[in-house]
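1. with the sequence up front, the predicted model follows.
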Amino acid sequence: MVFEYLKGRQNSVALSNDFASIPSSNWVNTRENECRNKIPVVIFAVELKENTMQISKQKNNDVLVVNVSGRVDANTAPAMEAAITEDLDGISQIRLELGNLEYISSAGLRVLLTVHKLMAAKGGSFIVLHPCDEVSEIFEMTGFSSFLVIEKQ
């Protein structure tokens, strides 16, 4: 699939299945003034989302409640892992509240797997709470819903 920049319309993007469908008026020369070496110009239009994540946590006796909101991706996953795993002494249950989580990448899934394994090794439990539909779908597609305890809203 090719994303085609529509000449003269900066915010417009069209989808094409191959380079042949891109009009030659959108091609550029690989060498100045040499028309026979034209190649298509392909520009990827991506909506940039701010990589923000907020974490709050609270200990109630042997239960750690962690609230994660925003986006968990390769940039924010290490901070999430550190926040959850930094002090698990005396903790028998982790409750991860994801009600305000918009997105989770494979890096975030790796953190969930790590926490799941840590808690299983110490005989504790790990519960994921209230993921939105998009995050729930990611859990389904990746198979995480088969081993995580997930409480939906």
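-> In hand now; what should we look at? Numbering: from 1, shown residues only.
2. helices of this structure, start to end?
-> Applying DSSP state H to the chain gives helices spanning 77-85, 106-121, 133-142.
3. could those go into TSV alongside mean pLDDT and distance to Q54?
-> C-beta here means a position set from N, CA and C on the backbone, and glycine is covered the same way. Putting the helices of the chain into TSV (pLDDT from 0 to 100; distance: least, Cβ to Cβ, whole Å) gives the following:
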stretch	mean pLDDT	distance to Q54
helix 77-85	95	10
helix 106-121	97	14
helix 133-142	96	15
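4. dump these into JSON lines; add distance to Q93 and mean neighbour count as well.
-> Below are the helices of the chain laid out as JSON lines (distance: least, Cβ to Cβ, whole Å; neighbours: other Cβ atoms under 10 Å):
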{"stretch": "helix 77-85", "distance to Q93": "12", "mean neighbour count": "17"}
{"stretch": "helix 106-121", "distance to Q93": "8", "mean neighbour count": "17"}
{"stretch": "helix 133-142", "distance to Q93": "19", "mean neighbour count": "14"}
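5. so where's the protein uncertain?
-> Low-confidence segments of the chain (pLDDT under 70): 1-51.
6. please parse this protein into its domains.
-> Residue ranges for each domain of the chain read 2-40, 53-151, as given by automatic domain parsing.
7. most tightly packed of the ones you listed?
-> The highest mean neighbour count among these, using mean count of other Cβ atoms under 10 Å, belongs to domain 53-151: a mean of 16.
8. P131 is in contact with L148, correct?
-> No - L148 is beyond contact range of P131, at 9.6 Å (criterion: Cβ atoms under 8 Å).
9. which strand in this structure has the most residues?
-> Ranked by residue count and defined by DSSP state E, the top strand of the chain is strand 93-104.
10. thinking again about what came up before, find residues that contact each of L148 and P131.
-> Taking Cβ atoms under 8 Å, 6 or more residues apart in numbering as the criterion, L148 and P131 both touch F139.
11. which ones are touching A77?
-> Each residue near A77 by Cβ under 8 Å, 6+ apart is listed here: 105, 107-108, 110-111.
12. how much space separates it from H130?
-> 20 Å (Cβ to Cβ, to the nearest Å).
13. again, but for M141
-> Applying Cβ to Cβ, the value for M141 to H130 is 19 Å.
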